[in-house]
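[1] Any chance you can model this:
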Amino acid sequence: MGMESAAAAAARRDAGIDVSDWIDRQPVGAFQIRVLLLCAAVVFMDGFDAQAIGYVAPSLAKGWALKPGALGPAFGAGLAGLMIGALLLGPAADRIGRKPVIVGSTLFFGLCSLATPAAADLDTLFWIRFVTGLGLGGAMPNAIALTSEFSPQRSRATMITVMFCGFSLGSALGGVLAARLIPAFGWQVVFYLGGLLPLLLVPVLLAALPESARLLALRREPAAAARVVALLRQISPAAAAFDPARTRFVASHEEHAAGSGGARDGFPIAQLFHSGRAGATLLLWVMFFMNLLELYFLANWLPTVINAAGIPETLAIVTTALFQVGGIVGTLTLGRLIDRWGPYGVLTASYALGGVFTVLIGMAAASSVWLVMAATFGAGLCIVGAQISANAFAAGYYPTRIRSTGVGWALGIGRIGSIVGPVLGGFMLAAHWRVPAIFAAGAFPALCAASAAFALGFARFRRASAEAAAAASVAPEPPAATKAEI
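    A predicted model of the protein is given here:
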């Protein structure tokens, strides 16, 4: 028995400990909750700062005597920075680690937010918002990736969507605080608060945020193995049996399968199109582009447009905050639905309903503030909830080696849409479009996102059917007696 146990142990060492499978078998414990909460705190700050410019827009436009739509370029500048930050810092984190990029991005956007009140004209505001966006864009995909990599497969979508509630909560709280603080202290106070909070978070992240165990397992270094064991012991005491000097760790069979492709196998962005991933990657980009166009169109211009339709400024800000509150409810709901039923049908329905609610906002703006609030809540539930669920889907679709690259580029391409949305809104306002027409046009991107999600699901169904047919075609013939009995 002893010889058999030793042989079995040796065989397991030769095969390696699969970190991904090991994490998938563990219950969600205090360590994973800590990772989730720290990443939620990062995206909370991200959401607060990203939305701040929209909340201060009516007050800032009046204070600077700006024409309708004049803040569109400043909106677009921050989103352009978000796009570039996601495109550059997603691949960087696949090489140097999630933690340093998350901490550095949080420090950077906190300092930039503190600098925003120094802007005295539109040109200065444009450039400050651009560089702030660089930090915001680097934090988000890596918070998603890190949460994903410590989550068991069975509850991954739920954990990512719960974590990402921090973004919606930060955006919503920003609206509540803006409504109370701007009349008393001016628009600048929102950015002071949005800069101070991330700076206070940085030392907490340095002390408590872990590096990804799956990413460390790919490094195949003795020091990395010791760090993996230390992390796994925090997840479960059973990991105390692992000897870092004698145990080989792998990140999952998918990371090392032939043709899997990864950050170390070549240019990481090219790997998004290898091994049958090209079609899904392009459809993901369409989905992200269209939904983020719609999301940021509403988030940035909703206070201004419904204020112009006759709703008081303070009430318009609170109504816009309901968009993010709806997003929190949608996030919690859709994450559970996706874990149970899969992402494709859930995302298709959510995007389509988001388009319907967007049309209803425009139809109700001139008649009832309560209907506007209800429609805004519904739009947030569907549009924000679906976007956060799409982040979870993208994180689960790509392997560890290119996870931050995949999520970062999906968000980066989506950020192009988030730039286009506010700019188009500015053009429509400058052209004096009627409010119902503005929101009717704003519903079109949601329907495009629904079509992309449906196409992803249809392609998945066809691939599964083809695989089942291929397996059936090579199945052995049943014995003759069995056939006769049948």
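[2] Give me the residue at the spatial middle of this protein.
    By CA atoms, centre = their mean, the chain has its centre lying nearest to residue 391, at 4.0 Å.
[3] hey, where'd the helices end up in the stretch 351-486 of the chain?
    Taking DSSP state H, counting those that start in this stretch as the criterion, the stretch 351-486 of the chain contains helices spanning 369-397, 403-430, 435-473, 480-485.
[4] swap in the stretch 1-150 of the chain?
    Using DSSP H, counting those that start in this stretch, helices in the stretch 1-150 of the chain cover 2-15, 19-25, 30-63, 72-96, 98-115, 122-149.
[5] buried ones in the shortest one?
    Of the residues in helix 19-25, 19, 20, 22, 23 count as buried by neighbour count, 16 or more other CB atoms under 10 Å. Glycine gets a C-beta too; all of them are placed from N, C-alpha and C.
[6] My guess is the last one contacts residue 152. True?
    Yes - under the criterion of CB atoms under 8 Å, residue 23 makes contact with residue 152 at 6.1 Å.
[7] related to what we said a few turns ago, next, format the buried residues of helix 19-25 as CSV and append distance to residue 419 and pLDDT.
    Below are the buried residues of helix 19-25 laid out as CSV (distance: CB to CB, whole Å; pLDDT from 0 to 100):
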residue, distance to residue 419, pLDDT
19, 38, 84
20, 35, 82
22, 41, 89
23, 37, 87
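[8] What average pLDDT does stretch 167-185 get?
    Mean pLDDT, stretch 167-185: 81.
[9] what comes into contact with that stretch?
    Applying CB atoms under 8 Å, 6 or more residues apart in numbering, the contact partners of stretch 167-185 are 43-52, 55-56, 59, 140, 189-190, 193-194, 299, 314, 317-318, 320-322, 324-325, 327-328, 331, 380, 384, 388.
[10] ok, and for it, which residues are buried?
    167-175, 177-179, 181-182.
[11] do the same with stretch 413-431
    Here stretch 413-431 shows 413-426, 428-429 as buried, counting by 16+ other CB under 10 Å.
[12] now do stretch 346-366
    By neighbour count on 16+ other CB under 10 Å, the buried set for stretch 346-366 is 346-355, 357-365.
[13] on that earlier part again, out of the helices of the stretch 351-486 of the chain, which gets nearest to residue 205?
    helix 403-430 (16.6 Å; CB to CB).
[14] Where helices are concerned, which of the buried residues of stretch 167-185 count?
    With DSSP state H as the criterion, helices contain 167-175, 177-179, 181-182 from among these.
[15] tell me which of those is nearest to residue 85?
    Closest to residue 85, out of all of those and judged by CB to CB, is residue 167, at 15.0 Å.
[16] For the nearest residue to the closest one once chain neighbours are set aside, the count of nearby residues, please.
    Among residues not flanking residue 167 along the chain, residue 47 sits closest, at 3.7 Å (CB to CB, 6 or more residues apart in numbering). For residue 47, the count of nearby residues is 27 (other CB atoms under 10 Å).
[17] ok, now which ones touch residue 47?
    Residues in contact with residue 47 (CB under 8 Å, 6+ apart) are 166, 167, 168, 169, 170, 171, 174, 324.
[18] Distance to residue 290 added to the helices of the stretch 1-150 of the chain, as JSON lines?
    Formatted as JSON lines, the helices of the stretch 1-150 of the chain follow (distance: least, CB to CB, whole Å):
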{"stretch": "helix 2-15", "distance to residue 290": "44"}
{"stretch": "helix 19-25", "distance to residue 290": "32"}
{"stretch": "helix 30-63", "distance to residue 290": "19"}
{"stretch": "helix 72-96", "distance to residue 290": "15"}
{"stretch": "helix 98-115", "distance to residue 290": "26"}
{"stretch": "helix 122-149", "distance to residue 290": "18"}
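[19] Indicate which one of those helices is closest to residue 205.
    helix 98-115 (4.9 Å).
[20] Alpha carbons only: can I get the closest one in CSV?
    Only the C-alpha atoms of helix 98-115 are listed here, as CSV (Å, rounded to 0.1, in the frame of the first residue of the first chain):
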residue,chain,number,x,y,z
ARG,A,98,-2.6,41.7,-12.7
LYS,A,99,-1.7,43.3,-9.3
PRO,A,100,0.9,45.8,-10.5
VAL,A,101,-1.4,47.1,-13.3
ILE,A,102,-4.4,47.4,-11.0
VAL,A,103,-2.5,49.2,-8.3
GLY,A,104,-0.7,51.5,-10.7
SER,A,105,-3.9,52.3,-12.6
THR,A,106,-5.7,53.2,-9.4
LEU,A,107,-3.0,55.5,-8.3
PHE,A,108,-2.8,57.2,-11.7
PHE,A,109,-6.5,57.9,-12.1
GLY,A,110,-6.8,59.1,-8.5
LEU,A,111,-4.0,61.7,-9.1
CYS,A,112,-5.6,62.8,-12.4
SER,A,113,-9.0,63.2,-10.9
LEU,A,114,-7.5,65.6,-8.2
ALA,A,115,-6.0,67.6,-11.1
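[21] what angle separates that helix from helix 403-430?
    30 degrees (axes from the mean of the first three to the mean of the last three CA atoms, to 10 degrees).
[22] Now helix 98-115: buried residues?
    So for helix 98-115, counting by 16+ other CB under 10 Å, buried means 98-99, 101-110, 112-114.
[23] Just send the buried residues of stretch 167-185 back as a markdown table, with distance to residue 244 too.
    A markdown table is the format used below for the buried residues of stretch 167-185 (distance: CB to CB, whole Å):
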| residue | distance to residue 244 |
| --- | --- |
| 167 | 36 |
| 168 | 40 |
| 169 | 38 |
| 170 | 38 |
| 171 | 42 |
| 172 | 44 |
| 173 | 42 |
| 174 | 44 |
| 175 | 48 |
| 177 | 47 |
| 178 | 50 |
| 179 | 53 |
| 181 | 51 |
| 182 | 54 |
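[24] quick one: which two of those residues are the most distant?
    Taking CB to CB, no two of these sit farther apart than 167 and 182, at 21.7 Å.
[25] Tell me where the model's unsure across the protein.
    1-15, 68-69, 221, 251-268, 464, 466-486 (pLDDT under 70).
[26] Near the nearest residue to residue 428 once chain neighbours are set aside, how many other residues are there?
    Using CB to CB, 6+ apart and skipping the chain neighbours, the partner closest in space to residue 428 is residue 438 (5.0 Å). Neighbour count of residue 438, defined by other CB under 10 Å: 22.
[27] same check, this time on residue 166
    25.
[28] Who are the contact partners of it?
    So residue 166 contacts 39, 40, 41, 42, 43, 44, 46, 47 (CB under 8 Å, 6+ apart).
[29] got a list of what residue 420 touches?
    Applying CB under 8 Å, 6+ apart, the residues contacting residue 420 are residue 293.
[30] Could you give me the buried positions within stretch 448-459?
    448, 449, 450, 451, 452, 453, 454, 455, 456, 457.
[31] can you check stretch 371-388 too?
    372-388.
[32] Closest one of the buried residues of stretch 413-431 to residue 395?
    Among these, and counting by CB to CB, the member closest to residue 395 is residue 414, at 14.0 Å.
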